[in-house]
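S.K.: here are the coordinates; sequence isn't available:
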RNA sequence: GGCGCCAUAGCCAAGUGGCUAAGGCAGGAGCCUGCAAAGCUCUGAUCCCCGGUUCGAAUCCGGGUGGCGCCUCCA
């Protein structure tokens, strides 16, 4: 089975043919670490986590790099009020980011480069561009990339180059040769954080980091540095256009063979962003909702579409995910066998079709229904039970869903004391039921309901769930 | 001003030229149950509007209407 993906530069769905057979190299543009991660970061991380899982399930050896931009204007601004060192501040947010991503079940990247640890690679690329005439230095020491020197500039985002009609909102800089030229290196100003380099004291521009880090960590081929370059849709221009230009001019090859961009998370129909003041931090969502539930909800929409986040849909996602855990609970303690071959193929095929997670989830739902139906008919079929658990294990492998303990899943937020009380009430109710004292039994059920507990009488006893 | 994305049942959401338009939530009917819950079965849309291409379109093209985004830091 082969992977088909939508290349956001070619704008069509094409077959993924890796540079090196059996291997896939991926670079995901990671966060600038000056604040906590929000739902948008989660969407991006989850999209390409699914990409990685799918490629692995297809049998490829995957190397995924995700960078941390740990030096830029916003970080420096934050630093001034914090009294911390750059390292302290950025490491704090890197750890926070990793914690949040772990809660969402995002696998750690194989390579996690930081801009500040890649200064040499950046310096060498800037130097190369300067020497070959693709870059120029202005009076204050800043170094700019000359976009007019790259004949392919614009080929990534299809944005017109410096058209008079294309009114840019970028503040004009007298010394820039073309409006779209961008800074490769920002010269040191007073009280700035600076790095020494051949080009003078200063710090790297945002775009050069990724190009340099990719060049540093991936060998690639003579045509491409890596297989797939990923990021949010907002990075297509100018970030990825600029990355591509730098790499093309410095290394004489394209930075990536394929490009993938994930859609936005919107709140009430608008892009979530700092400037709009409608950011939704993951840490706040994680206080209220389980990380796996957030994952499930966020991947229920195809990664390229915009995602409109709201609580009602999240609740409906919860009910849907609960069904998977009820099935798992039904098979509690059983052995996990091999997954059903047809199911496995169908699920993988959905994901191999440009990560169609919506379709994959529909296939999971159908598996759940079919499994419950079969279990109703043959409650003691061990082979069946093992296969279903195998199916659930494969769902977890591919989608990162369903790995938690099924009993605990329904007891989230219930203290040990409460659990003891619930168990006691259930015993009392069972006794009342035996005596056909249904009034008492129902009263106990109401009492449990008051506590937020739902009960269900199963063939092997009464089970309960936190509502 | 330039470039681009989207519009499918009450809600969420797949499907991008051809069997009866996936799946979920909500709703309705039934089975099961002491009654419930859970589970299972049945039940709903001709795809924003207009025009065109085609034997055939939700799917392609043109024109509307509405929503969103990039062109400034942004996932």
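M.R.: Perfect, I can see it now. Here the structure is a predicted model, which means the values were calculated and not measured. Numbers count the residues shown, from 1 in each chain, chains lettered A, B, ... in the order given.

S.K.: in chain A, which helix or strand is least confident?
M.R.: Taking mean pLDDT, DSSP states H and E as the measure, strand A:270-271 is the helix or strand of chain A with the lowest mean score, a mean of 75.

S.K.: Would you mark the buried spots in the following helix or strand past that strand?
M.R.: Downstream of strand A:270-271, the next assigned helix or strand under DSSP states H and E is helix A:282-288. By neighbour count on 16 or more other C-beta atoms under 10 Å, the buried set for helix A:282-288 is A:282, A:285, A:286. For every residue, glycine as well, the C-beta is placed using N, CA and C.

S.K.: which other residues reach stretch A:421-428?
M.R.: With contact meaning C-beta atoms under 8 Å, 6 or more residues apart in numbering, stretch A:421-428 is reached by A:414, A:440, A:444, A:447, A:448, A:451, A:453, A:455, A:462, A:464.

S.K.: Can you tell me which of those residues are buried?
M.R.: Buried by 16+ other C-beta under 10 Å: A:414, A:444, A:448, A:453, A:455, A:462, A:464, out of these.

S.K.: Which parts of stretch A:95-113 count as buried, going by neighbours?
M.R.: A:96, A:97, A:98, A:100, A:101, A:103, A:104, A:105, A:106, A:109, A:111, A:113.

S.K.: Now distance to RNA strand B, pLDDT and secondary structure too, for these, in a markdown table please.
M.R.: Output for the buried residues of stretch A:95-113, formatted as a markdown table (distance: C-beta to the nearest atom of the strand, whole Å; pLDDT from 0 to 100; DSSP: H, G, I helix; E, B strand; the rest coil):
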| residue | distance to RNA strand B | pLDDT | secondary structure |
| --- | --- | --- | --- |
| A:96 | 13 | 97 | helix |
| A:97 | 10 | 98 | helix |
| A:98 | 14 | 98 | helix |
| A:100 | 12 | 98 | helix |
| A:101 | 12 | 98 | helix |
| A:103 | 17 | 98 | helix |
| A:104 | 13 | 98 | coil |
| A:105 | 17 | 98 | coil |
| A:106 | 12 | 98 | coil |
| A:109 | 13 | 98 | coil |
| A:111 | 17 | 98 | strand |
| A:113 | 15 | 97 | coil |
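
S.K.: Pick the one among the residues you listed closest to residue A:21.
M.R.: Sorting the buried residues of stretch A:95-113 by distance to residue A:21 puts residue A:111 at the head of the list, at 21.1 Å, by C-beta to C-beta.

S.K.: Touching, the closest one and residue A:62? I think so.
M.R.: No. Between residue A:111 and residue A:62 there is no contact under C-beta atoms under 8 Å: 11.4 Å.

S.K.: Measure how far the least confident helix or strand of chain A is from the centre of its chain, please.
M.R.: Distance of strand A:270-271 from its chain centroid, counting by C-alpha atoms, centre = their mean, to the nearest Å, is 19 Å.

S.K.: Identify the farthest-apart pair in the contacts of stretch A:421-428.
M.R.: Farthest pair in the contacts of stretch A:421-428, by C-beta to C-beta: A:414 and A:440, 23.5 Å.

S.K.: got a list of what residue A:245 touches?
M.R.: With contact set as C-beta under 8 Å, 6+ apart, residue A:245 has these partners: A:145, A:147, A:150, A:152, A:153.

S.K.: Could you tell me how far the host helix or strand of residue A:56 lies from the centre of the chain?
M.R.: Following DSSP H and E, the helix or strand that holds residue A:56 is helix A:39-57. Distance of helix A:39-57 from the chain centroid (C-alpha atoms, centre = their mean) equals 5 Å.

S.K.: what about the following helix or strand past that helix and RNA strand B, touching?
M.R.: Following helix A:39-57 in sequence order, the next helix or strand is strand A:61-66 (DSSP H and E). No. Strand A:61-66 stays clear of RNA strand B (C-beta under 7 Å from any atom of the strand), getting no nearer than 9.8 Å.

S.K.: Compute the inter-axis angle for strand A:61-66 and helix A:39-57.
M.R.: Strand A:61-66 runs at 170 degrees relative to helix A:39-57, counting by axes from the mean of the first three to the mean of the last three C-alpha atoms, to 10 degrees.

S.K.: isn't residue A:317 right up against residue A:295?
M.R.: No. With contact defined as C-beta under 8 Å, residue A:317 does not reach residue A:295; the gap is 9.9 Å.

S.K.: quick one, which of those two is more surrounded?
M.R.: Of the pair residue A:317 and residue A:295, residue A:295 is the one with more neighbours under other C-beta atoms under 10 Å, namely 24 against 20.

S.K.: Quick check: closest non-adjacent residue to whatever residue of the stretch 1-150 of chain A ends up closest to RNA strand B.
M.R.: Proximity of the stretch 1-150 of chain A to RNA strand B (C-beta to the nearest atom of the strand) peaks at residue A:40, 2.3 Å away. Spatial nearest neighbour of residue A:40, chain neighbours left out: residue A:265 (4.8 Å); criterion: C-beta to C-beta, 6 or more residues apart in numbering.

S.K.: Now do the domain split for chain A, please.
M.R.: Domain assignment for chain A by automatic domain parsing gives A:4-132+A:209-267, A:321-406, A:411-466.

S.K.: just checking, which of the ones you listed sits deepest inside the structure?
M.R.: Of those, the one with the most neighbours on average (mean count of other C-beta atoms under 10 Å) is domain A:4-132+A:209-267, at a mean of 20.

S.K.: how distant is it from the center of its chain?
M.R.: That offset, for domain A:4-132+A:209-267, works out to 12 Å (C-alpha atoms, centre = their mean).

S.K.: Model confidence score at the closest residue to RNA strand B within chain A, please.
M.R.: Of all residues in chain A, residue A:232 sits closest to RNA strand B, at 1.9 Å by C-beta to the nearest atom of the strand. With respect to pLDDT, residue A:232 scores 96.

S.K.: remind me which residues of chain A are low pLDDT?
M.R.: Low-confidence segments of chain A, defined by pLDDT under 70, are located at A:161-174, A:190-191, A:274-277.

S.K.: Residue A:410 reaches residue A:323, doesn't it?
M.R.: No. If you go by C-beta under 8 Å, residue A:410 and residue A:323 don't touch, sitting 11.7 Å apart.

S.K.: could I get the buried ones among the contacts of stretch A:421-428 as a markdown table with secondary structure?
M.R.: Listed next are the buried ones among the contacts of stretch A:421-428 as a markdown table, based on DSSP: H, G, I helix; E, B strand; the rest coil:
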| residue | secondary structure |
| --- | --- |
| A:414 | coil |
| A:444 | helix |
| A:448 | helix |
| A:453 | strand |
| A:455 | strand |
| A:462 | strand |
| A:464 | strand |
